[in-house]
Each structure stands twice: as C-alpha cells, then as structure tokens.
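In: Please find the sequence and the predicted model below.
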Amino acid sequence: MESITANPTIVDQVYRAILDAICDGTLSPGERLTQEGIARKLDVSRQPVNQALMLLRKQRFVIEAGRRGLMVAPLDRDFVRWIYELRLGIEPIAAGLAARLASASEIERGNALVAAGRAALREGALAALIGADMAFHSWIYAASGNRLFVDTMEGLWHHLRRAMREVLLKRDYRKAVWHEHEQLWRAIAAHDAEAAAALVSAHLRNAAVTVEVSVPATGSTALPG
C-alpha cells in the first residue's frame, strides 16, 4: 500500500465542494469531470481531487463515462425509489420511538426546526428548504435514540438532496411538506407513537409519489453497483 501524502482535511474539503456542486445542480447530470479541471477551479493539486472522485464514485454520485473519464451520475428514479422504500421501513419506527422517548429539550428543538422550515418556506430559497427538510428528519432519527437510523440515512440524504431540488420546484408541494412536518412534530410532542408512525408513513408516501413524477426515468443500470 502506498502512503497517502495529501492532507485529509483538503481531501474532505474537495469532496464536500464537488458533492455540494452535484447536489445543488451547479454540476449537471451527465457533465464530464476531469481531475485537471476540478483542481484548477478549486486551486488544489490533482491528488485530493482524485481521492474525492474515487469516494464519490463509490457513493454513486459519479460514474464512468467510457473514454471520456468520469461524469456526474444522472438522477436515477429507481435508486431514489429504493431510498424511499427503505425510509418507509425505518422511519415510522423512528418516529414512534421519538414520540415515546423524546425529552422536553428534544421536543423544543423539533419545534425550532419546524419554525426554521416555515421561515425557509417564506424565503423560497431551495437550498434553505432542502437543508431544513434534512434537519427535521435527522431530528426524528436522533430523537428515536437509535444511532443506526442516523448512520443509515446520513449518506443517502445527499442523493435525496438531488431529488428534492426537482420536487421542491413545485411551490404548492413546499407548503404541503411543512404542514405535514408540523403535524408530525405535534404527534411526537404529544407522545402519540401510533399517530407519529402513521403520519410519517403518509408523508413519505406522498413524497415518493411526487418524486416519481418529478425525477426523469432512467434505468437502474445507469449507476454502478
């Protein structure tokens, strides 16, 4: 094994910069990526760029483009649907646990996150809305007391960031999202586990249907296994 001489902090910064550019649409699906071009744009050497791209490829954000090297992976409807199917399996459990176990301070934090989401809704900025949505659901995972929910969803949320950009272009849907979030928070605050589980299930099914019609259909073979 060869030693890694690049500063891990630099690698992480390069990784985050490329990932954010993919998730916010600055780098478009199908756009070609070269080590030289990214290194020049970020003013770093090629080595941390290479390491960052290898990690992004493993995580399905970047794919091989034949002789053209690498490109931004297309949004894959099937892959996003699989994520929602996973969420439908674990998130009702997490919401039910959160309703049973959430402390007063955790409930207050959830209330603050709903308020932040409402503020982002009024401002209308997509990045703020996506960040608020991620923060709210991450709060549910954390409040459940089960660290595996947090760890399982952490990496997948970045794929959802890409899909949510398409979904949240629909302004009417934005309002529905935060109405459903507030209802869910109220159920957790009331320690009603059954209602919390049912509400998050309905919320995710609504979201999955909206994603289905918002994300372009692509074969699942478009992404590496």
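Out: Yep, it's here. Numbering: from 1, shown residues only.

In: make it CA atoms for all contacts and neighbour counts henceforth
Out: Noted.

In: Let me know the pLDDT of the residue minimising distance to the centre of the chain.
Out: Here the mean C-alpha position of the chain is nearest to the C-alpha of residue 157 (Cα atoms, centre = their mean), at a distance of 2.3 Å. Per-residue pLDDT puts residue 157 at 89.

In: so who does it touch?
Out: residue 134 (Cα atoms under 8 Å, 6 or more residues apart in numbering).

In: Which helix or strand contains it?
Out: Following DSSP states H and E, one finds residue 157 within helix 147-167.

In: buried residues in that helix?
Out: 149-150, 153, 157-167 (16 or more other Cα atoms under 10 Å).

In: Can you give me the domain boundaries for the protein?
Out: 8-72, 77-214 (automatic domain parsing).

In: what are the C-alpha coordinates of the helix holding residue 157, in CSV please?
Out: This file holds the C-alpha atoms of helix 147-167, laid out as CSV (Å, rounded to 0.1, in the frame of the first residue of the first chain):
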residue,chain,number,x,y,z
ARG,A,147,-27.9,5.7,16.3
LEU,A,148,-28.3,3.2,13.5
PHE,A,149,-31.1,5.3,12.0
VAL,A,150,-28.8,8.3,11.9
ASP,A,151,-25.9,6.4,10.4
THR,A,152,-28.0,4.5,7.8
MET,A,153,-29.6,7.7,6.4
GLU,A,154,-26.6,10.0,6.6
GLY,A,155,-25.1,9.1,3.3
LEU,A,156,-28.4,8.6,1.5
TRP,A,157,-29.6,12.1,2.3
HIS,A,158,-27.3,13.6,-0.2
HIS,A,159,-28.9,11.5,-3.0
LEU,A,160,-32.3,12.8,-1.7
ARG,A,161,-30.9,16.4,-1.9
ARG,A,162,-30.7,16.0,-5.6
ALA,A,163,-34.2,14.6,-6.0
MET,A,164,-35.6,17.2,-3.7
ARG,A,165,-34.4,20.0,-5.9
GLU,A,166,-36.7,18.7,-8.6
VAL,A,167,-39.6,18.1,-6.2
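
In: so the helix or strand just after that helix versus helix 147-167, what angle?
Out: As assigned by DSSP H and E, the chain's next helix or strand after helix 147-167 is helix 171-189. For helix 171-189 against helix 147-167, the angle between stretch directions is 160 degrees (axes from the mean of the first three to the mean of the last three Cα atoms, to 10 degrees).

In: quick one, longest helix in the chain?
Out: The helix spanning the most residues in the chain, taking DSSP state H as the definition, is helix 77-101.

In: now for the following helix or strand past that helix, which elements pack on it?
Out: Sequence-wise, the next helix or strand downstream of helix 77-101 (DSSP H and E) is helix 104-123. Judged by 3 or more Cα pairs under 8 Å, 6 or more residues apart in numbering; DSSP states H and E, the packing partners of helix 104-123 are helix 126-143, helix 171-189.

In: Tell me the buried residues in the shortest one?
Out: Translated: helix 126-143. 126-130, 132-143.

In: One more: the last one?
Out: Neighbour counts using 16+ other Cα under 10 Å place 174, 177-178, 180-189 of helix 171-189 among the buried residues.

In: how much space between residue 134 and residue 154?
Out: 10 Å (Cα to Cα, to the nearest Å).

In: If you could redo that for residue 33, that was the one I meant.
Out: Counting by Cα to Cα - residue 33 and residue 154 are separated by 25 Å.

In: and what of residue 183?
Out: Distance, residue 183 to residue 154, by Cα to Cα: 24 Å.

In: which of the domains of the chain sits most buried?
Out: domain 77-214 (a mean of 18; mean count of other Cα atoms under 10 Å).
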